[in-house]
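Enquirer: Predicted model and sequence follow; I will ask about them next.
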Amino acid sequence: MSTDETSRFVRLRVELVVEIDDSGELAKSALGRIAEDEHMPAEERLHAEAAVKEDDAEALAYLVDPFDLVSQVPGVELSQASWSSEQIEYDPDSPDWDPDEDDDDDEGGEGGREL
């Protein structure tokens with residue numbers, strides 16, 4: 001691939017920390033999404049249902065779709081995506097969670113915002 005061809009691709013890294021305030025609703029939504037997936041094999045469906053009932057991070061991973069992040073952005077087509085979700089210890093007052101911590105090392109545009 002030439003430089004012109006590869007320069008069309010941009011890696012967008014997003015890190016979110018979310019607070020789960022209703023595990024039951026989260027699991028219910030994830031189970032609904034799994035039930036709607038016509039392409040999921042029965043064995044995988046059973047595994048997925050058990051996982052989302054036991055683990056909020058698994059439930060969230062079934063509901064978050066990277067395609068949704070860019071599907072409405074003009075001139076952009078998703079080429080590849082991967083994502084994961086895990087439960088973490090979070091202290092918003094810790095300097096380890098400074099949202100501007102890596103700004104000096106990043107190349108490219110900024111666009112993050114803190115909520």
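Expert: Yep, it's here. Numbering: from 1, shown residues only.
Enquirer: so for the helix or strand hosting Glu44, what's the average pLDDT?
Expert: Using DSSP states H and E, Glu44 sits within helix 42-54. For helix 42-54, mean pLDDT rounds to 96.
Enquirer: Next: stretch 97-104.
Expert: Averaging pLDDT along stretch 97-104 yields 61.
Enquirer: for the chain, what spans make up the strands?
Expert: Ranges of strands in the chain, per DSSP state E: none exist.
Enquirer: returning to what we had before: quick one: contacts of the helix holding Glu44?
Expert: Here helix 42-54 makes contact (CB atoms under 8 Å, 6 or more residues apart in numbering) with Ala27, Ala30, Leu31, Ile34, Asp37, Met40, Glu58, Ala59, Tyr62. Yep, even glycine has a C-beta here, placed from its N, CA and C like the rest.
Enquirer: Stretch 9-26 now?
Expert: Here stretch 9-26 makes contact (CB under 8 Å, 6+ apart) with Asp56, Ala59, Leu60, Leu63, Leu69, Val70, Ser79, Ile88, Tyr90, Trp97, Gly108.
Enquirer: quick one, what contacts the first one?
Expert: Taking CB under 8 Å, 6+ apart as the definition of contact, the neighbours of Asp56 are Ile20, Ser23, Leu26, Ala27, Gln87.
Enquirer: which residues touch the residue nearest to the third one when sequence neighbours are not counted?
Expert: Translated: Leu26. Of all residues not flanking Leu26 in the chain, Ala59 sits nearest, at 4.8 Å (CB to CB, 6 or more residues apart in numbering). By CB under 8 Å, 6+ apart, Ala59 lies in contact with Ser23, Leu26, Ala27, Ser29, Ala30, Ala51, Val52.
Enquirer: Drop anything exposed from those.
Expert: Leu26, Ala27, Ser29, Ala30, Ala51, Val52 (16 or more other CB atoms under 10 Å).
Enquirer: What are the buried residues along stretch 83-92?
Expert: Under 16+ other CB under 10 Å, the buried positions of stretch 83-92 are Ser85.
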